[in-house]
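**Q** Just a sequence and a predicted model for now, questions to come.
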4 protein chains.
Amino acid sequence: MAADHPSTRNLPLDPAASAILFIDVQNFSVRRDGGEFKDVSDADIEGKYGYYFKRIHEVAIPNMQRLLAGFRKAGIEVLHTTIESLTKDGRDRSLDYKITGFNVPKGSWDGKVIDELAPLEDEIVLPKSSSSVFVSTHVDYILRNLGVRQIVLCGLLTDQCVESAVRDACDLNYLVTLVPDACGTYSQERHDFSINAIKGYCRQISTDDLLKEIGQ
Amino acid sequence: MAADHPSTRNLPLDPAASAILFIDVQNFSVRRDGGEFKDVSDADIEGKYGYYFKRIHEVAIPNMQRLLAGFRKAGIEVLHTTIESLTKDGRDRSLDYKITGFNVPKGSWDGKVIDELAPLEDEIVLPKSSSSVFVSTHVDYILRNLGVRQIVLCGLLTDQCVESAVRDACDLNYLVTLVPDACGTYSQERHDFSINAIKGYCRQISTDDLLKEIGQ
Amino acid sequence: MAADHPSTRNLPLDPAASAILFIDVQNFSVRRDGGEFKDVSDADIEGKYGYYFKRIHEVAIPNMQRLLAGFRKAGIEVLHTTIESLTKDGRDRSLDYKITGFNVPKGSWDGKVIDELAPLEDEIVLPKSSSSVFVSTHVDYILRNLGVRQIVLCGLLTDQCVESAVRDACDLNYLVTLVPDACGTYSQERHDFSINAIKGYCRQISTDDLLKEIGQ
Amino acid sequence: MAADHPSTRNLPLDPAASAILFIDVQNFSVRRDGGEFKDVSDADIEGKYGYYFKRIHEVAIPNMQRLLAGFRKAGIEVLHTTIESLTKDGRDRSLDYKITGFNVPKGSWDGKVIDELAPLEDEIVLPKSSSSVFVSTHVDYILRNLGVRQIVLCGLLTDQCVESAVRDACDLNYLVTLVPDACGTYSQERHDFSINAIKGYCRQISTDDLLKEIGQ
């Protein structure tokens, strides 16, 4: 009775049933003067956050730029999500973001995808106010409407919003492809542990190999 | 163990736990040159749609204008939803809207709330692509974040998007207040029957009485 | 990019991607001694509820029995939902059912599907505590897991739980087939109006024609 | 406008608005002859799984027994979830469980909560077929109906089903209390890393301190 289903996660993308989602690659969390870092001292930016900025700017973002170009050329659906409230005062945010003290006001520069990955006019951008994009947006509904069954995930932070999206997408019946070298978090150890912890929930592939797979 | 709960739907609004949602009061479905009517003949606008335009422009919209002003003055949360795709080509729409042939492109004039009810900068506007706003947006999540337990519904069409919202809101534990004289559909009979069919799911009150209730 | 989609609701069932759901055909609401009617006087059973009992027992249930047999023979997935709390005291019910005063205790006779339609051991039965089965159960998730894209709906009451299910199923991208002569409510007028009101959300077909369609 | 909200996760439980959920503490994953281990060699049970069985049987289960007794005495809502299909052949399972090869048939011994934590007749038990209980059951709806705002989580595996539940519960506006010494997974390192990774999403407290907090 039940429809056939794949017997492995290790399937190449079917472009017509695939999408890539860039998670939280926005001024707030990527720029020195973004909301998350503008009040951090130079010493901490170099020290405590040194690994993070190097990882993001020298590894993750360049890889995401290549992915973005490749997926666009291959005609595969591109979506973006960023932390952004639907109001200026953030009253619509999740309780978690209220407690944490995160508020990226509606329409603010902090809420914008960084210029290097600027969305095209007809790419979907979803403001979210919780870790998992599947909880605080209706992305699951949108993906179903688009006919997407395979979702590629990358962005920030590996062990927070990205990992939560991997877990929920897997539970929601998507075949998830994670691109670890297009993700980043505050330390290599946290990154590595997260990638390892969720290896049962997704296929993991490098930017190089994924681009080859989609013929780019 | 379980928390106390109200034993009736006939409760006045608690302003701090309330919101009003205006449904689909947009150029597409209200204006003579909106997407839904621009290709309709003058004869049909007068005839087949004569009741509808009269109802909307002489009853429902004036009442919604009064509600909007009153709820703003009372400091009660105001939300709007309109039929609008997240893309220009509407590929993100529900299957229902694809089959029906509805596409209100992202950013279009058709997708805007009518000027008479224009949203303030910090009011939440949710584009939707199905009848029930609870299915194609994450309004339930937003309402929870806002602390809303009582929701006032009005707009278009009484027996389609409004009725679906009443049913889902009720099932989702909101105390629903419907304002029949701030709603409209294609015939008085359809309006009346819908209002009657859902009377078990909501409190029903006139614009006048609701404004009195919130002290406006 | 987006996957192809059907351009009409009027498609015959693809058995491998279909399911039928029987809604609330349970002792509580069908039997003279069910929870809903046991305290009703004989005069009211004959009078006020005369139409209802005749409709259910002479039209809707016989048709549902034929559908059940036919779908089983055709190897199409069969699901049942009934109003039933997950607890004896009903503390887990929706606010709507608490206010209405409905409580069908977990495990009670009232919560059982009627003998005429008794579920087979491996058919899924979902207890629900709100009008729409899509709100108070995870049937949408189950249907996705089963690979179901076309859902046949029938049962009780036409204009309440059945209509709510039609609306939500349609919004959730299912192709909905409603079998009006396998549904019933408290008056012919309410039945007819509901069927008419939702004709844009579903295909409507008789028991005879549906059985023919699936080769039974 | 928005309702007041707590400004910290470090709040003691309000018994009337709290619940505890025991995750996957079932024969399948806890017993030597459970489905997960019955075909594993004695050597691997001692070796590869030695840490796990010791952790579960000497630490996590005894702590869960104390929690269960204490929460019952305090009159706080107790819920259980187990991996269990709604069918014998598991056709209703998530794609993830199909790919993984997990099937705990409906009604099987494998799907039962272990005797040490056997549910009382009126405690809610939710069969699930994905990692996060919030995706493959309607527990969020049930908790809302129960008036629960604070949820205590414990069970198996720390870094899989428990962690996914912590993440989703937090995103869904619950104040989450995690009891690390009432959880377990396949290695101490995996346990510790998971607990650390999610410390921003929940309050973490020992069994001893939690029992004291609820006066037991």
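**A** Sure thing, it's come through. Just so it is clear, the model here is predicted, and its values are computed rather than measured. Residues are numbered from 1 along each chain as shown, chains lettered A, B, ... in the order given.

**Q** got the buried residues for the longest helix belonging to chain A?
**A** For chain A, the helix with the greatest residue count under DSSP state H is helix A:61-73. Going by neighbour count (16 or more other CB atoms under 10 Å in any protein chain shown), the buried part of helix A:61-73 is A:61, A:63, A:64, A:66, A:67, A:68, A:70, A:71. (Glycine included, C-beta is placed from N, CA and C.)

**Q** which residues touch the residue nearest the centre of chain A?
**A** In chain A, the centroid-proximal residue (CA atoms, centre = their mean) is residue A:23; its distance is 2.1 Å. With CB atoms under 8 Å, 6 or more residues apart in numbering or on different chains as the criterion, the residues that contact residue A:23 are A:81, A:133, A:153, A:154, A:155, A:156, A:161, A:162, A:165.

**Q** neighbour-wise, which of these leads?
**A** residue A:162 (31 neighbours; other CB atoms under 10 Å in any protein chain shown).

**Q** From residue B:90, how far off is that residue?
**A** From residue A:162 across to residue B:90, the span is 29 Å (CB to CB, to the nearest Å).

**Q** Also residue A:122?
**A** From residue A:122 over to residue B:90 the distance is 11 Å, taken as CB to CB.

**Q** Which single strand of chain A contains the most residues?
**A** The strand of greatest length in chain A, counted in residues with DSSP state E as the criterion, is given as strand A:175-184.

**Q** measure the residue nearest to the centre of chain A to chain B for me?
**A** Noted for residue A:23: a distance of 17 Å to chain B, by CB to the nearest CB, to the nearest Å.

**Q** bridging residues for that residue?
**A** residue A:81, residue A:155 (DSSP bridges).

**Q** tell me which element the closest residue in space to residue A:187 that isn't next to it in sequence falls in.
**A** The spatial neighbour of residue A:187 that comes closest, neighbours along the chain excluded (CB to CB, 6 or more residues apart in numbering or on different chains), is residue A:51 at 5.8 Å. Assigned by DSSP states H and E, residue A:51 belongs to helix A:50-54.

**Q** Average pLDDT for that helix, rounded please.
**A** For helix A:50-54, the mean per-residue pLDDT is 98.

**Q** Check which residues of that helix are buried.
**A** Judged by neighbour count (16+ other CB under 10 Å), helix A:50-54 contains these buried residues: A:51, A:52, A:53.

**Q** ok now it, how far from the chain's centre?
**A** Helix A:50-54 has its average C-alpha position 18 Å from the chain's average C-alpha position, going by CA atoms, centre = their mean, to the nearest Å.

**Q** what does stretch A:28-45 give?
**A** Per CA atoms, centre = their mean, the centroid offset for stretch A:28-45 relative to its chain is 20 Å.

**Q** Which residues does that stretch contact?
**A** Outside of stretch A:28-45, the residues within contact range by CB under 8 Å, 6+ apart are A:26-27, A:48-49, A:53, A:56-57, A:61, A:82-83, A:104, A:110-111, A:114, A:156-157.

**Q** Tell me which stretches of chain A form helices.
**A** For chain A, helices defined by DSSP H occupy the ranges A:27-30, A:42-46, A:50-54, A:61-73, A:95-100, A:133-136, A:139-146, A:163-171, A:188-197, A:207-213.

**Q** contacting residues around residue A:148?
**A** With contacts defined as CB under 8 Å, 6+ apart, the neighbours of residue A:148 are A:17, A:18, A:19, A:77, A:174, C:3.

**Q** and the last one, what pLDDT?
**A** Same thing as residue C:3. The model reports residue C:3 with a pLDDT of 53.

**Q** Going by distance to residue A:213, which of the buried residues of helix A:61-73 wins?
**A** Using CB to CB, residue A:70 comes nearest to residue A:213 of the buried residues of helix A:61-73, at 9.7 Å.

**Q** give the contact list for residue A:20.
**A** Residue A:20 neighbours (CB under 8 Å, 6+ apart): A:67, A:68, A:71, A:76, A:77, A:78, A:79, A:151, A:152, A:153, A:154.

**Q** same thing with residue A:207?
**A** The contact partners of residue A:207, by CB under 8 Å, 6+ apart, come to A:63, A:66, A:67, A:179, A:181, A:182.

**Q** so how far is chain D from it?
**A** Computed with CB to the nearest CB, the distance linking residue A:207 and chain D is 24 Å.

**Q** circling back: nearest to residue C:118, out of the helices of chain A?
**A** Shortest distance between residue C:118 and the helices of chain A, using CB to CB, is found for helix A:163-171: 32.6 Å.

**Q** what's the spacing between residue A:102 and residue C:56?
**A** The span separating residue A:102 from residue C:56 equals 54 Å under the rule CB to CB.

**Q** just residue A:61 next, same as before
**A** For residue A:61, the distance to residue C:56 under the criterion CB to CB works out to 64 Å.
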